[in-house]
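# build me a structure from this.
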Amino acid sequence: MSEFFNEVDEEVRREQLKKLWDRYSIYFIALMVLVVAAVGGWRAYQYFEGRKAAEAGAVFEKAVELSEQGKHEDAEKAFTELAAKAPSGYRTLARLRAAAEASSRDPKAGAKMYDDIAADRSIGGEWQDLAKIRAAGLVLDSASYADMQQRLEASAAPKSTFRHSAREMLALSAWRNNDMTAARKWLEAIDGDGETPPGLRSRAEALQALLPPVAKS
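Take a look at the predicted model:
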């Protein structure tokens, strides 16, 4: 008797499953199609992105070769064109290299290009800071200390990636503009930072020796 009831239960379950399949099979099939399409689309996206990155890398290398051959205008043009159409990583690198090439013929133009990169929040903080440092280096000999301070003070903060370079340029600018108080401030920041590179520390000590003694009160 128990076997009879088991067979009945099994038949009922099969009938229920058949009804569920008849009712929902179209949705299940559609879901599977969507999953397959999504996986295929993702694979295709990865393939095309990889190919674009490889093409951008080849163009970048050719532009670097032009630069190494002294063909700076051609290199600048190549980097600028690459920056307009390359994937995001190469785009930022290409913009920085285009600014460097422009700097070799016109430092002011190069500084302006670096300033534009520094103002672009879409590229990330560290790239922006690097562009600020590069731009400041190009105008160091002509800019006022107030200008350099505006450019670099945030980058000279204790945890900033490029704080060492920023502090050195601020100290040099203050010394060049006869602001000895500010020069000492930045030299002390350099000296007090245990992570200051040895070469930079030596240059800071040399500049410190050029400062007049502090007047006694």
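# and this protein, what are its domains?
Segmentation of the chain into domains, based on automatic domain parsing, reads 72-139, 144-211.
# now do the strands in this structure.
With DSSP state E applied, the chain shows no strands anywhere along its length.
# find the residue at the geometric middle of it.
Within the chain, the residue whose C-alpha comes closest to the C-alpha centroid is residue 127; the distance, by C-alpha atoms, centre = their mean, is 3.7 Å.
# identify the residues contacting that residue.
Taking C-beta atoms under 8 Å, 6 or more residues apart in numbering as the definition of contact, the neighbours of residue 127 are 92, 96, 117. Quick note: C-beta positions are derived from backbone N, CA and C, even for glycine.
# can I get the residues you listed in JSON lines with distance to residue 157 and neighbour count?
Formatted as JSON lines, the entries for the contacts of residue 127 read as follows, by distance: C-beta to C-beta, whole Å; neighbours: other C-beta atoms under 10 Å:
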{"residue": "92", "distance to residue 157": "22", "neighbour count": "21"}
{"residue": "96", "distance to residue 157": "22", "neighbour count": "20"}
{"residue": "117", "distance to residue 157": "20", "neighbour count": "21"}
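# and residue 209, how many neighbours?
Counted with other C-beta atoms under 10 Å, the neighbours of residue 209 add up to 7.
# can you give me the distance of it to residue 201?
Plainly put, residue 209 is 13 Å away from residue 201 if you go by C-beta to C-beta, to the nearest Å.
# do a quick rundown of the helices in the protein.
Counting by DSSP state H, the chain has helices at residues 2-68, 72-85, 88-105, 107-118, 125-139, 145-152, 163-176, 180-192, 198-210.
# thanks again, I'm all set now.
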